[in-house]
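Student: I'd like to go over a predicted model; first the sequence, then the structure.
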Amino acid sequence: MSYGPVSRLAVQLNRLRLANPILVASGTFGYAREMAAYIDFRQLGGVIPKTVTPLPRLGNPPPRTVETPSGMLNSIGLDNDGLDAFIEKHLPYLLSLGTAVIVNIAGKDEDEFVAMAKRLDEFEELSALELNVSCPNVTGGVDYGTDPAKTEAVVRAVRDTCELPIIAKLTPNVANVPEIAAAAAAGGADAVSLINTVQGMAVDWRRRRPVLGNGIGGLSGPAIKPVALRIVWQVAKAVKIPIIGVGGIQSLDDVMEFIVAGATAVQIGTANFYDPGLAGRLVAELERIVEGEGVECVADLVGTLSLPSPSCHFQDVASI
């Protein structure tokens, strides 16, 4: 389902049309109820609630989060009440918000992804599915996002099961992200989300223990933005499907950096924790930027980054 009038901010991600490119990332916006006092959901391009799994999950042992320089480590472990509870308790509210709802799902094997997709395909009001093949905080959670053959297979299986647009959320914790993105495209993904968190660790040296109860976690926030931008740019050169940029966005300049690097849309993540109204404000700011740039629509700015000519280089330090 598409929301919002056609405007200069509307973007198309293959079969998914959004009123504007500003989304909120899964795991950072709860089920939206928590944010109702801070934002008009109708301003957003879409909402992605926290990851849903087939059965309830208790998640990882505490502590689950720790602040780090310019970022946050989390090891939530996909804590959620399962698909049945999501459909009964949360989905009706989400579908009443007047914006696109993209459900993020995770399974421990292909059959679970397919079964969840088939169930959610019954809800015509949904806009898309985001396949979480990249969570670093659960056993097997990242397997489908590190093997191109598995990525292609699970995306194709879900695409063959349901008619909803499919977004594959990919991990940066591999040597060749463009290869995984190409596999997702070959499987029929309408778009890819780049990136999920970067694996990291915080240590309490006095206690000789890691700070997080699970030992390692996923790093998010401004610290990972340069990594995310690099990966978006690399993938944009390697695949033809649209990209949703994620990682450290906390201002309109950040949004524009992702757009010119090749992202058609973006997701606001960690910033939601300390500035829950940010995403709504960014939409208004983006409208002014597009007008000021003198283009017909925001899509005209996607992938406009130009690199210096290879002939333009600094003098070899050894010769100085």
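Tutor: It's in.
Student: Contacts for the longest helix along the chain next, please.
Tutor: Of all the segments of type helix in the chain, defined by DSSP state H, the longest one is helix 278-293. Contact partners of helix 278-293, identified using CB atoms under 8 Å, 6 or more residues apart in numbering, comprise 8-9, 20-24, 39-40, 43-45, 250, 252, 255-256, 268, 271-272, 297-298, 301. Where you see a C-beta, it was placed from the backbone N, CA and C, and this is true even at glycine.
Student: just the helices in the chain please.
Tutor: Assigned helices in the chain, in chain order: 83-85, 91-94, 110-120, 148-161, 177-186, 225-238, 252-261, 271-274, 278-293 (criterion: DSSP H).
Student: Out of these, the one nearest M72 is which?
Tutor: helix 271-274 (7.5 Å; CB to CB).
Student: which parts of that closest one are buried?
Tutor: By 16 or more other CB atoms under 10 Å, the buried positions in helix 271-274 come out as A271, N272.
Student: now what about it, what contacts it?
Tutor: By CB under 8 Å, 6+ apart, helix 271-274 touches V24, A25, T28, F29, M35, M72, G221, I249, Q250, L278, A279.
Student: burial measure for T68, as a count.
Tutor: 17 (other CB atoms under 10 Å).
Student: So for it, what's the nearest residue that isn't a sequence neighbour?
Tutor: Excluding the flanking residues, the one nearest T68 by CB to CB, 6 or more residues apart in numbering is A202, at 6.1 Å.
Student: Assess the claim that that neighbour and R209 are in contact.
Tutor: No: using CB atoms under 8 Å, A202 is not in contact with R209, being 10.2 Å away.
Student: of those two, who's got more company?
Tutor: The residue with more neighbours, out of A202 and R209, is A202; 18 against 11, by other CB under 10 Å.
Student: Name all residues that make contact with the more buried one.
Tutor: Per CB under 8 Å, 6+ apart, neighbours of A202: V66, T68, L73, P210, V211, L212, G217.
Student: one step back: give me the distance between the residue nearest to T68 and G71.
Tutor: As judged by CB to CB, to the nearest Å, A202 and G71 stand 10 Å apart.
Student: do the same with V239
Tutor: 27 Å.
Student: likewise A117?
Tutor: Using CB to CB, A117 is found at 32 Å from G71.
Student: CSV please, covering the contacts of helix 271-274 and showing neighbour count.
Tutor: Below are these laid out as CSV (neighbours: other CB atoms under 10 Å):
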residue, neighbour count
V24, 30
A25, 27
T28, 22
F29, 26
M35, 19
M72, 23
G221, 24
I249, 28
Q250, 19
L278, 19
A279, 30
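Student: Can you say which of the contacts of helix 278-293 are buried?
Tutor: Buried residues within these, counting neighbours by 16+ other CB under 10 Å: 9, 20-24, 39, 43-45, 250, 252, 255-256, 268, 271-272, 298, 301.
Student: Filter these down to the ones in strands?
Tutor: Those of those mapping onto strands are I22, L23, V24, I268, per DSSP state E.
Student: isn't the last one right up against A25?
Tutor: Yes: counting by CB under 8 Å, I268 does reach A25; the two are 6.3 Å apart.
Student: what's around A175, how many residues?
Tutor: Residues lying near A175 (other CB under 10 Å) number 7.
Student: Distance-wise, check it relative to G217.
Tutor: As judged by CB to CB, A175 and G217 stand 21 Å apart.
Student: repeat for S251
Tutor: From S251 across to G217, the span is 25 Å (CB to CB).
Student: of these two, who's got more company?
Tutor: The residue with more neighbours, out of S251 and G217, is G217; 30 against 15, by other CB under 10 Å.
Student: Who does that one form a beta bridge with?
Tutor: In this entry, G217 is beta-bridged to G200, by DSSP bridges.
Student: middle-most residue in this structure, spatially?
Tutor: Central residue of the chain (CA atoms, centre = their mean): S193, 4.5 Å from the mean position.
Student: show me the contacts for that residue.
Tutor: Residues in contact with S193 (CB under 8 Å, 6+ apart) are E130, I167, A168, K169, L170, I243, I244, V246, Q267.
Student: Just the pLDDT at it, thanks.
Tutor: On pLDDT, S193 comes in at 98.
Student: I'd like the distance between it and I289.
Tutor: 23 Å.
Student: Kindly report the same for E88.
Tutor: Using CB to CB, one gets 41 Å for the distance from E88 to I289.
Student: and if you look at L58?
Tutor: Applying CB to CB, the value for L58 to I289 is 43 Å.
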